[in-house]
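Enquirer: below is the sequence, then the predicted model.
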Amino acid sequence: MNILSIAFKEIKQDFRDWRTLIFMLGFPIILMLILGLALTNAFSGDLSVGDLEVVVKDTTGGGPLSEAFAAFTKEAGKSGITFDSLPAGKNGRTEVENNRYVDYVELSGQGISLYGSSRSTIESNIVQGMLTSFADKYNAAAAVAQTEPAQVQAVFAGGAGSDYIKELSIDADRTPGSIDYYALALTVMVGMWAAMPAGGLIQREILRGTAVRLVTAPIRKSEIFAGKVLGGIATSFLCVIVIFVFSKYVFKAYWGEHIGIVLIVLFSEVIMALSLGLAFSYLLKGSASRGIISLIVQLMSFFGGAYFPIGDDSGGGIMGFLVNLSPIRWGNHGLTQVIYGNDVSAAWPAVGLYLGFAILFLGASIAAMRRREGL
Amino acid sequence: MNVLDIRGLTKKFGEFVAVDNMSLTVREGEVFGFLGANGAGKSTTINMVSSLLRPSSGEIRILDRDITKQSRFAKLNLGIVPQDLAIYEDMTAYENVSFFAGLYGLRGTQLKERTEEALEFVGLCDKAKSLPKNFSGGMKRRLNIACAIAHKPKLIIMDEPTVGIDPQSRNYILTSVRNLNESGCTIIYTSHYMEEVEEICSRIAIVDHGKIIAEGTKEQLKSTITDVKDIRIEVKSALPAAAGALKAIPGVRTVLQEENMIRIHSDAAVDNLNRILKQLLDDGMEIRSVEEQEPNLETVFLTLTGRNLRD
Ligand SMILES: Nc1ncnc2c1ncn2[C@@H]1O[C@H](COP(=O)(O)OP(=O)(O)OP(=O)(O)O)[C@@H](O)[C@H]1O
Ligand SMILES: [Mg+2]
């Protein structure tokens, strides 16, 4: 009960601070508008589905998989994806690495394997999503074939063709443009912003002198802590939801078919960000922590691709290292796969990382809080 | 019954001893004055009683129960008016009182009644829906008090509740203290203003360097310094050099100069008024009036600590 009334008070205060709120919401929306709409041209050249070129190597020497795949490529070809056979003597992986193709598909006795370009993540995810759908259908067909061979054709007839493209979940008239990219990237960035007010969560009570009253009241310090954390999470997540809704319905950004999963990823991100801010405010007492947290969030945003795509995620080097270090990247990466690759399981590594770090940071904060006199 | 019992209380900040082996008892129904110069250790003591600071050593009991072993009981019976304002500027007066009272387990209509009662008590009923942002200093101080009393504590500790406010608000607060006391609250009152303490406190402790150096009713305290006389001389225009020469006169203990008023504490047994006046005349000062005052708390404080309370 005390926890809830503290959380509620926290939310009330946050929403009365409309100056901060306007900035928290206005800045990303304006940025989305500028980056997303103004840069559309620069983006669509890169991202239109029509430009996707895939190189294929078939080592099965004919057979049901080859046949099914041929049907698949024909249908996919209609929506502008080109499938070229790998010329003899060439290495598919090298072709992709040299950026001549976005993906390399290999059909073998073991099944289908895909080697995607690390530079064109979104495109690669699109192909991956299509292949996943294809593989599902093929497996289903293979299972049917064992019992009722006559039905196989029916399964493929029903599933073949434009369905693969639908599974892509891309609007017929649109390609993933810059607004889609920035809607995602900036929403994930706003989630990470939860770290900034979190730095002041406890600090603010101390500065206002009200920490004295909270500590002298007949409630446990853990209740104060829990109430404040809860309130902080609620406010920050509400901001994320506002940005999400705005981008989806006003900017018509594409968020895929798994909105629930997307929100779970964002929610776990907010929890992590808030815990990070809190831990820093405990470890680095005083106002210095605020500056440091906001610097960290800026760096995360930059390397995480909030302002422009930094594609090289699997590549080595210091840049690749920094990029993967950014929690914004985890969310961006996971969500891109969920949204464009139709791959729900890609969300869980991000959620796991977020919650894992959240536990770590919250644990550190609680330990520091217990040792401290007062709040 | 003792409302507050402090035994051998010490607080160290690193090497610095802010409160030094202090013992103190406050009985039910008292308005207990806690007097001391800046940095004497008053707030530090109060902060330990309100479990904001952990004592380095010693024991604190509220209503005969140890505050660390039965902290919930202690906290329920304690109301704190902190020296620094402790209110949310972005929540209305009503929301402030109601939020804090809610932490004491008050709910529903009881919470509403107590909140209104507390606001009425400090005369802020008509400002219940206003934000303290727009309050005067005195109104903020009054709200600071309202937040401490809605849960009807047995013991209220007020740490300089009248600092920096207009005389009207001050009178209001002093009257509230009396009313609270009459309604059965025990009060510990800290102030820099001697007149206030003299006016409302039934018993007084004087703290210096973390220690209690005197304790008792104001009459008891004053009677300890019958050997001192307090001479006030008003001159037309005091010269800065006057003090030095006066201090050399036998019997004179301290000389304080506030604009045209020269205050001298001197041994009562030494007859030196004539010499003092002659010195002033020799220095070319024009005497307007001479007055020998009854000792008051300020005299007591000055005699005991050698310092003025308001530096
Ligand atoms: N957290 C702290 N760390 C170090 N020293 C402290 C701390 N808090 C108080 N002190 C020191 O302890 C001494 C007592 O401070 P305290 O605030 O108790 O004085 P006070 O009697 O309330 O004075 P005032 O009349 O100015 O309010 C002061 O010298 C102060 O500098
Ligand atoms: Mg003080």
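Expert: That came through, no problem. Residues are numbered from 1 along each chain as shown, chains lettered A, B, ... in the order given. Ligands and ions are numbered 1, 2, ... in the order given.
Enquirer: phi first, then psi, for A:Glu75.
Expert: Dihedral angles of A:Glu75 (phi, psi; degrees, to the nearest 10) stand at phi -70, psi -50.
Enquirer: quick one, what contacts the nearest residue to B:Gly58 once chain neighbours are set aside?
Expert: If you skip the residues right next to it in sequence, B:Gly58 has B:Leu9 as its closest partner in space, 3.5 Å away by C-beta to C-beta, 6 or more residues apart in numbering or on different chains. (C-beta placed from N, C-alpha, C; glycine too.) B:Leu9 sits next to B:19, B:21-24, B:45, B:48, B:55, B:57-60 when contact means C-beta atoms under 8 Å, 6 or more residues apart in numbering or on different chains.
Enquirer: ok, now with 6 Å
Expert: When contacts are counted by C-beta atoms under 6 Å, 6 or more residues apart in numbering or on different chains, B:Leu9 touches B:19, B:22, B:55, B:58.
Enquirer: and if you look at A:Tyr249?
Expert: Applying C-beta under 6 Å, 6+ apart, no residues qualify as near A:Tyr249.
Enquirer: so it sits in a helix?
Expert: Yes. Under the criterion used here (DSSP: H, G, I helix; E, B strand; the rest coil), A:Tyr249 sits inside a helix.
Enquirer: any idea how far it lies from chain B?
Expert: 31 Å (C-beta to the nearest C-beta, to the nearest Å).
Enquirer: excluding its backbone neighbours, what's nearest A:Gln337?
Expert: In space, A:Gln337 comes closest to A:Ala346 once its chain neighbours are excluded; the distance is 3.5 Å by C-beta to C-beta, 6+ apart.
Enquirer: low-confidence stretches in the stretch 51-200 of chain A?
Expert: Low-confidence segments of the stretch 51-200 of chain A, defined by pLDDT under 70: A:51, A:78-80, A:117-123, A:140-177.
Enquirer: what segments of it are strands?
Expert: Using DSSP state E, counting those that start in this stretch, the strands assigned to the stretch 51-200 of chain A run over residues A:53-58, A:82-85, A:103-108, A:111-116.
Enquirer: just these: most buried one?
Expert: Neighbour counts averaged per stretch over the strands of the stretch 51-200 of chain A are highest for strand A:103-108, at a mean of 21; criterion: mean count of other C-beta atoms under 10 Å in any protein chain shown.
Enquirer: can you give me how far that strand is from the chain middle?
Expert: With C-alpha atoms, centre = their mean, to the nearest Å as the basis, strand A:103-108 stands 26 Å off its chain's centre.
Enquirer: so what's A:Lys9 up against?
Expert: By C-beta under 6 Å, 6+ apart, the contact list for A:Lys9 reads B:Phe99.
Enquirer: domain map for the chain?
Expert: I went with chain A, as the question did not name one. A:2-43+A:175-371, A:50-173 (automatic domain parsing).
Enquirer: should've been chain B
Expert: Domain assignment of chain B by automatic domain parsing yields the ranges B:2-222, B:227-294.
Enquirer: closest to A:Ala273 out of those domains?
Expert: domain B:2-222 (23.5 Å; C-beta to C-beta).
Enquirer: what mean pLDDT does stretch A:360-368 get?
Expert: In this model, stretch A:360-368 has a mean pLDDT of 94.
Enquirer: next, the buried residues of that stretch.
Expert: Buried residues in stretch A:360-368, counted by 16 or more other C-beta atoms under 10 Å in any protein chain shown: A:361-362, A:364-366, A:368.
Enquirer: and the residue of chain B found nearest ligand 2, what does it touch?
Expert: Shortest chain B-to-ligand 2 distance, computed as C-beta to the ion: residue-wise this is B:Ser43, at 3.0 Å. Neighbouring residues of B:Ser43 by C-beta under 6 Å, 6+ apart: B:83, B:159.
Enquirer: what does the stretch 1-150 of chain B put close to ligand 1?
Expert: B:13, B:16, B:18, B:36, B:38-44, B:83 (C-beta under 6 Å from any ligand atom).
Enquirer: about what we covered before: quick check: the residue of chain B closest to ligand 2 vs B:Lys112, distance?
Expert: From B:Ser43 over to B:Lys112 the distance is 33 Å, taken as C-beta to C-beta, to the nearest Å.
Enquirer: again, but for B:Lys211
Expert: Plainly put, B:Lys211 is 45 Å away from B:Lys112 if you go by C-beta to C-beta.
Enquirer: next one: B:Thr175
Expert: 25 Å.
Enquirer: give me the pLDDT value at the residue of chain A most remote from its centre.
Expert: Distance from the centre of chain A peaks at A:Thr216, with 43.1 Å (C-alpha atoms, centre = their mean). In this model, A:Thr216 is scored at 94, pLDDT.
Enquirer: give the closest residue to it in space, chain neighbours not counted.
Expert: With C-beta to C-beta, 6+ apart, the residue lying closest to A:Thr216 is B:Ser50, at 4.4 Å.
Enquirer: what do you get for A:Val55?
Expert: Taking C-beta to C-beta, 6+ apart, and ignoring the residues beside it in sequence, A:Val55 has A:Tyr101 as its nearest neighbour in space, at 4.3 Å.
Enquirer: hmm, B:Gly79 and the residue farthest from the centre of chain A touching each other?
Expert: No. Using C-beta atoms under 6 Å, A:Thr216 is not in contact with B:Gly79, being 8.4 Å away.
Enquirer: what do the two both touch?
Expert: Joint contacts of A:Thr216 and B:Gly79 (C-beta under 6 Å, 6+ apart) do not exist.
Enquirer: beta partners of the residue nearest to B:Gly58?
Expert: Residues in a beta bridge with B:Leu9, per DSSP bridges, are B:Met22.
Enquirer: ok, now how distant is it from B:Val97?
Expert: Taking C-beta to C-beta as the measure, B:Leu9 falls 31 Å from B:Val97.
Enquirer: for residue 26, which phi and psi angles does the backbone take?
Expert: By default, I'm working from chain A. phi -70, psi -40.
Enquirer: should've been chain B
Expert: The phi/psi pair for B:Val26 (degrees, to the nearest 10) reads phi -120, psi 130.
Enquirer: sorry, back to before: now for the residues of the stretch 1-150 of chain B next to ligand 1: which two are most distant?
Expert: Spatially, the most separated pair among these is B:Phe16 and B:Gln83, at 19.1 Å (C-beta to C-beta).
Enquirer: tell me which of those two has more neighbours.
Expert: B:Gln83 (19 against 8; other C-beta atoms under 10 Å in any protein chain shown).
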